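> kindly return the folded structure for what I paste below:
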Amino acid sequence: MNSKTLRSLLIFVSLLFSIHSYSQAQLTSDDALSQFNEVQKTIEASFPQNEMRTFRRESFSEIQLKTYLTQHFKQLDLIPFIKDNHVIKLDAYLHSANWFKLIGMPKESIKSYKDFFAYYDANEQYLTNAEKKDYLKMRSFGYDMLAVNYAKISQIDSADVQHKFNLKFAQQFNTISFPSALNNYGLFFYWTKKDLETALIHFHRAFDIMSQSEFSNHYLLGSIRDNIADIYVEQNKLNEANTLYQNNFEFYKHTINVDLESLDITRLISAGSQYVSTSLALSQVDDAEKIFNELVTIINDPIHNTKVQPSSFLEILKAKEALYFKQNKFKDAYQISKEVKTLEDSLKSLTASSEQKWLTVVNEIVLDQVKQNFVVENNLKENKIKSQRSKLWITSLISSIFIILLLSVILRRRQYLIIAKNKQQLAEQSLEFTALKNEKLNAEIESKKRDLSDFAINLSQNQEWAKALADKLEQLKTTKGRERKKLLDDFEQDIQNKIKFDQDTENFYDRLDKLGDLFYSALHTNYPNLTKTEIRLCSLIRLKIDSHAIANLQNITLASLNTSRYRLRKKLNLAEGDNLDEFIQFL
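Prediction:
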């Protein structure tokens with residue numbers, strides 16, 4: 001086969017590969033980001049993320065809800081195709097998680113929160129320090145909401161573990177997140193476990209931290225105070241509860257809710273209504289009437305009137321009914337009770353209708369999503385089969401062509417060798433054979449010389465080491481007293497030096513120290529009294545190396561290692577029930 005024919009074959013193969021090569025069509029990162037932004041613009045046009053109404057069920061009609069959910073799921077489907085843009089992706093996961101939680105879809109919320117934390121942990125190294133700082137509060141809030149969602153779907157143990165994890169996380173930072181975590185853990189005991197005493201402990205601890213810090217005017221303080229008062233009512237401590245409701249009523253008159261960027265009228269009315277109820281229970285009728293008149297003034301104020309929720313009107317009606325009853329205005333009280341009943345029935349009917357509407361829409365969206373995923377999976381499978389067939393065909397064709405080329409080259413080479421061999425003279429072959437044989441013998445001799453030399457050197461070194469040990473042994477036989485002790489120590493040291501750890505162990509620790517710089521920094525900051533050996537022990541535990549391997553690396557016994565672990569626990573201030581390995585993993 002001449003060179004022209006070979007060149008033609010190669011061109012033909014290249015053309016075939018260009019025509020039949022196939023790759024599965026996928027979105028590029030730029031296309032996915034562009035589509036994501038377009039969907040975001042559509043969402044923001046109707047329901048901006050910075051408006052509270054976006055997170056309320058009653059803000060959506062059935063059509064709006066279906067549209068919003070569809071857009072939401074579309075955004076979530078686009079995220080995996082977007083490369084980098086970490087803040088955009090984190091914010092999308094977080095917004096979805098918060099929205100699903102507030103509109104009552106805990107399972108979807110849990111999934112989005114888990115996606116958020118998984119992505120954050122995988123890409124934290126690419127965030128700036130300012131971005132990491134911004135996400136601190138969001139991460140603590142997310143851990144809290146994960147726990148709340150677990151409780152809603154009756155996974156009580158998971159909720160408890162999540163609350164404890166968040167307390168440990170939030171306590172590291174001087175932010176509002178720690179008292180907020182304490183308050184939410186208290187609500188878990190109050191609402192879910194019905195453990196009033198434990199709930200009260202957490203509420204009081206959160207309240208003390210808030211009262212004695214720069215957060216003393218934060219609106220969260222009113223929520224904590226309200227939770228304590230509610231428990232006091234259940235415990236029949238009406239005087240204490242009445243005082244707290246009074247404080248809250250005054251507190252909400254001037255405290256701005258940072259989320260609403262205004263006064264929280266709902267909480268203000270609730271605090272006033274509770275203040276009226278406890279005052280009436282304590283027979284402080286005049287005080288109750290005065291408070292009630294203030295509430296009426298608030299709801300009649302044009303500035304606040306549009307912000308009053310139906311549930312707040314219901315609270316005021318109930319307070320009015322109780323006031324009339326205490327004033328012996330039974331006829332008026334009866335008339336108000338009918339209004340209360342009508343409004344309650346209306347709200348229940350509205351809630352039931354809303355629940356049915358949401359259930360219907362969610363089921364439709366989920367069904368559409370399942371259908372869409374089924375179609376996508378089928379298309380992907382078909383494309384994969386076509387791609388595999390195409391690749392197999394091309395591979396077979398290329399293999400056949402190369403086999404033909406290879407056979408041609410081999411035949412041509414064989415023919416050339418035969419011609420060359422026939423042209424050689426017998427004398428030249430004999431001389432070449434003799435020269436090759438002599439060269440091989442010389443090479444073998446040189447190799448054996450090197451082997452004997454190496455063996456002699458090693459033997460000599462071992463004999464010298466053995467002779468030195470024998471000499472010291474003879475000296476030991478004839479030496480007594482302190483000199484014998486010194487010789488015995490030298491003898492033992494020689495043996496230890498022969499079998500001691502090599503330089504690789506020190507190299508391992510050097511690399512361990514370099515890889516653990518950030519971890520060491522955290523340990524030095526939080527636990528400055530740790531020794532270098534104890535810090536290395538923490539690093540080995542953090543790498544999940546078992547105790548036998550750690551003992552071998554440190555050239556100590558397991559008993560000594562257990563002693564080191566006990567001392568380390570004391571320096572880390574761990575309680576008896578705390579697991580050392582788990583604690584180090586979370587540092």
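> quick one: residues contacting Gln171.
Gln171 makes contact with Phe178 under the criterion CB atoms under 8 Å, 6 or more residues apart in numbering. The way it works is simple: take the backbone N, C-alpha and C, and place the C-beta from them, glycine included.
> looking at it now. What's its pLDDT?
Model confidence at Gln171, expressed as pLDDT, equals 92.
> try the one 10 residues further on
Reading off the per-residue confidence, Ala181 sits at a pLDDT of 94.
> cool, and Asn247?
With respect to pLDDT, Asn247 has a value of 95.
> disregarding flanking residues, what is the spatial nearest neighbour of it?
Nearest residue to Asn247, sequence neighbours excluded (CB to CB, 6 or more residues apart in numbering): Arg225, at 6.2 Å.
> how near is that neighbour to Lys307?
Remark: distance between Arg225 and Lys307 (CB to CB, to the nearest Å) = 22 Å.
> what sits against the spatially most central residue of the chain?
Nearest to the mean C-alpha position of the chain, by CA atoms, centre = their mean, lies Phe117 at 3.1 Å. Counting by CB under 8 Å, 6+ apart, Phe117 touches 139, 142.
> which SS class is it?
helix (DSSP: H, G, I helix; E, B strand; the rest coil).
> tell me how far it lies from Lys101.
14 Å.
> ok, Ala281 next?
With the distance defined as CB to CB, Ala281 ends up 35 Å from Lys101.
> okay, those two: which has more neighbours?
Lys101 (22 against 17; other CB atoms under 10 Å).
> look at the more buried one and report its pLDDT.
So, for Lys101, pLDDT stands at 87.
> for it, give me its contacts.
Applying CB under 8 Å, 6+ apart, we find Lys101 in contact with 109, 145, 148-149.
> how about the nearest residue to Ile336, chain neighbours excluded?
Closest residue in space to Ile336, ignoring its immediate chain neighbours: Glu321 at 4.2 Å, by CB to CB, 6+ apart.
> with Ile556 instead?
For Ile556, ignoring the flanking residues on the chain, the nearest one in space by CB to CB, 6+ apart is Ser564 at 7.7 Å.
> again with Phe36
Per CB to CB, 6+ apart, closest to Phe36 is Leu78, 4.7 Å.
> equivalent analysis for Phe141, please.
Leaving aside its chain neighbours, Phe141 sits nearest to Ser177 (7.1 Å; criterion: CB to CB, 6+ apart).
> got the contact list for that neighbour?
By CB under 8 Å, 6+ apart, the residues touching Ser177 are 136-137, 140-141, 170.
> my read is that the residue nearest to Ile556 contacts Leu537, right?
Yes: at 5.9 Å, Ser564 counts as touching Leu537 under the criterion of CB atoms under 8 Å.
> before we move on, back to that, could you give the number of residues near the residue nearest to Phe36?
Counted with other CB under 10 Å, Leu78 comes out at 20.
> same check on Glu576?
Glu576 has 5 neighbouring residues, counting by other CB under 10 Å.
> state the phi and psi torsions of it.
Here is the backbone geometry of Glu576 (degrees, to the nearest 10): phi -60, psi -40.
> repeat that for Leu572.
Residue torsions, per degrees, to the nearest 10, at Leu572 are phi -90, psi 0.
> spatially nearest residue to it (excluding sequence neighbours)?
Excluding its sequence neighbours, the residue lying closest to Leu572 (CB to CB, 6+ apart) is Tyr527, at 6.2 Å.
> before we move on, back to that, which of Ser564 and Leu537 has more residues huddled nearby?
Using other CB under 10 Å, the more surrounded residue of Ser564 and Leu537 is Leu537, with 22 against 18.
> correct me if wrong: the more buried one contacts Arg567.
No: in this structure, Leu537 is not within contact of Arg567 by CB under 8 Å, at 9.6 Å.
> picking that back up, so which helix or strand takes in the residue nearest to Asn247?
helix 220-234 (DSSP states H and E).
> then Glu428?
helix 426-478.
> cool, and Val276?
Using DSSP H and E, Val276 falls in helix 265-281.
> mind giving me the packing neighbours of that helix?
Helices and strands touching helix 265-281, by 3 or more CB pairs under 8 Å, 6 or more residues apart in numbering; DSSP states H and E, are helix 220-234, helix 238-254, helix 285-300, helix 310-326.
> pLDDT (mean, whole number) over the third one?
Same thing as helix 285-300. Per-region confidence: helix 285-300 scores 92 on mean pLDDT.
> in the helix or strand just after that helix, which residues are buried?
Using DSSP H and E, the helix or strand that directly follows helix 285-300 along the chain is helix 302-305. Across helix 302-305, burial judged by 16 or more other CB atoms under 10 Å covers His304.
> what does helix 302-305 contact?
Helix 302-305 has contacts (CB under 8 Å, 6+ apart) with 263, 265, 298-299.
> now with 6 Å, please.
Applying CB atoms under 6 Å, 6 or more residues apart in numbering, the external contacts of helix 302-305 come out as 265, 298.
> same question, stretch 563-571
Residues outside stretch 563-571 that contact it (CB under 6 Å, 6+ apart) are 529-530, 534, 537, 580.
> pull the CA atoms of it into PDB?
Provided in PDB are the C-alpha atoms of stretch 563-571 (Å, rounded to 0.1, in the frame of the first residue of the first chain):
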ATOM      1  CA  THR A 563      -4.600   8.400  78.600                       C
ATOM      2  CA  SER A 564      -3.900  11.100  76.000                       C
ATOM      3  CA  ARG A 565      -7.500  11.100  74.800                       C
ATOM      4  CA  TYR A 566      -8.700  11.500  78.500                       C
ATOM      5  CA  ARG A 567      -6.400  14.500  79.000                       C
ATOM      6  CA  LEU A 568      -7.600  16.000  75.700                       C
ATOM      7  CA  ARG A 569     -11.300  15.600  76.700                       C
ATOM      8  CA  LYS A 570     -10.600  17.600  80.000                       C
ATOM      9  CA  LYS A 571      -8.800  20.400  78.100                       C
END
